[in-house]
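*Asks:* structure for this input, please:
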Amino acid sequence: MPEQTIMELRILDTEFNLKAKGNEEHIRHVSDYVNTELERVKTANPFTNHIRIAILGCMNITERLFIAEEEIRTSEESKAKELGAINLVKQELDSTKTVLNEEKEKYEALAEEKELMQKELDEKNDLLSQYREHLRQSKIESETTRKTILDLQNQLFESQIELVKANKNHMEKDIFKNIEDKMKID
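*Replies:* Below you'll find the model as predicted:
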């Protein structure tokens, strides 16, 4: 517990002693403020007695105190409103963060799905390329087979012509032989 000290103060040309428990600088600051205010009132009212000066000074200081208290109350109300607004913004921010996280999760899921679809598309494109190559080779083989069939048909046709010619020659020979045989018999 701080020790009590006795301070000498001078306010409005009056000296007096005051017992103080520490914080002497603060007491001197308050004393100087009161003395300045009372000197201001005395200067404005030079023929007024000290009691009236003290009362007017107290009223001025009290008025400043009330104004300061009102400013503090207004400031606290304003601060409370601002805190309420800040809390609303925080709630909106939290809500936005939640939505953002949900959208981020959706985006990641879509990115994964896109990657899977891209792999599937690549596989399908590879398969399509293989089918196209197989189709190209089949067309080549088909064309070759068609040419071979045409060649074989031509050969068959030529063979049939040859066969007809051979049959004709053979028949002619048979006819001549029959005629010769008949002639020999006769």
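
*Asks:* so for the longest helix along the chain, what's the average pLDDT?
*Replies:* If you go by DSSP state H, the chain has its longest helix at helix 50-185. Average pLDDT, helix 50-185: 92.

*Asks:* remind me what it packs against, helices and strands.
*Replies:* When contacts are defined as 3 or more Cβ pairs under 8 Å, 6 or more residues apart in numbering; DSSP states H and E, helix 50-185 sits against helix 24-44. For every residue, glycine as well, the C-beta is placed using N, CA and C.

*Asks:* for Thr14, give its distance to Glu8.
*Replies:* 11 Å (Cβ to Cβ, to the nearest Å).

*Asks:* neighbour count for those two, which is higher?
*Replies:* Shown here are Thr14 and Glu8; by other Cβ atoms under 10 Å, Thr14 has more neighbours (11 against 8).

*Asks:* that one bridge partners, please.
*Replies:* Per DSSP bridges, the residues bridged to Thr14 are Ile11.

*Asks:* okay, it: pLDDT?
*Replies:* Value for Thr14, per-residue pLDDT: 88.

*Asks:* would you confirm that it contacts His50?
*Replies:* Yes - under the criterion of Cβ atoms under 8 Å, Thr14 makes contact with His50 at 7.4 Å.

*Asks:* contact partners for Glu3?
*Replies:* Contact partners of Glu3, counting by Cβ atoms under 8 Å, 6 or more residues apart in numbering, are Lys21, Gly22.

*Asks:* pLDDT wise, what is it at?
*Replies:* On pLDDT, Glu3 comes in at 75.

*Asks:* could you count how many residues lie near Leu12?
*Replies:* 15.

*Asks:* now Ala54
*Replies:* 18.

*Asks:* cool, and Leu110?
*Replies:* Applying other Cβ under 10 Å, I find that Leu110 has 11 neighbouring residues.

*Asks:* what is the burial count for Lys114?
*Replies:* Neighbourhood size, Lys114 [other Cβ under 10 Å]: 11.

*Asks:* same deal with the one 5 residues further on?
*Replies:* Per other Cβ under 10 Å, the neighbour tally for Lys119 reads 10.

*Asks:* for it, what are its contacts?
*Replies:* Contacts for Lys119 (Cβ under 8 Å, 6+ apart) come out as none.

*Asks:* the longest helix of the chain vs helix 24-44, what angle?
*Replies:* Interaxial angle, helix 50-185 versus helix 24-44 (axes from the mean of the first three to the mean of the last three Cα atoms, to 10 degrees): 120 degrees.

*Asks:* nothing else from me, thank you.
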